[in-house]
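Asker: Just need the structure, nothing else, for what follows:
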Amino acid sequence: MILEHAVLPVTPGREEEFEVAMSGALAIIETAPDCFGAEVRRQHENGSNYLLLIRWGSVESHMAFRATELFQRWRTLTHPFYSDPPTVTHYYEPLPR
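Answerer: As a prediction, this is how the structure comes out:
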């Protein structure tokens, strides 16, 4: 399992519109093959920044999603709100305790 971590910088003043659009976008991405859930959190220190966390079976599953019609629908809903391109990284499973 891989955790996608994306920082989403939203254009100031468009946060409410973004949150409405993201609600629909999350429903789309969660139907993608090998997606095991997604969530978005708003940053406390800067309310125009959001954190997207998506659980994928693998990085390859995430990359395959980007080549689908589902991704195009996701992009149409979310990308108009970004002030800069999102920063996307992937993380392995949590370290053992």
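
Asker: any chance you could map the strands in the protein?
Answerer: 2-9, 35-42, 49-56, 87-91 (DSSP state E).

Asker: Which one of those lies nearest to Ile29?
Answerer: Closest to Ile29 of the strands of the chain is strand 35-42 (CB to CB; 5.3 Å). C-beta here means a position set from N, CA and C on the backbone, and glycine is covered the same way.

Asker: For that closest one, which strands pair with it and how are they oriented?
Answerer: The pairing partners recorded for strand 35-42 under DSSP bridges are strand 49-56 (antiparallel).

Asker: What's the mean pLDDT across the strand it pairs with?
Answerer: The pLDDT scores in strand 49-56 average 98.

Asker: Now that strand: buried residues?
Answerer: 49-50, 52, 54, 56 (16 or more other CB atoms under 10 Å).

Asker: hang on, the earlier thing: and of the strands of the chain, who's closest to Val20?
Answerer: Closest among those, once you apply CB to CB, is strand 35-42, at 12.0 Å.

Asker: That closest one versus strand 2-9: what angle between them?
Answerer: In terms of direction (axes from the mean of the first three to the mean of the last three CA atoms, to 10 degrees), strand 35-42 departs from strand 2-9 by 30 degrees.

Asker: avg pLDDT for the longest helix anywhere in the chain?
Answerer: In the chain, assigned by DSSP state H, the helix with the most residues is helix 15-29. In this model, helix 15-29 carries a mean pLDDT of 97.
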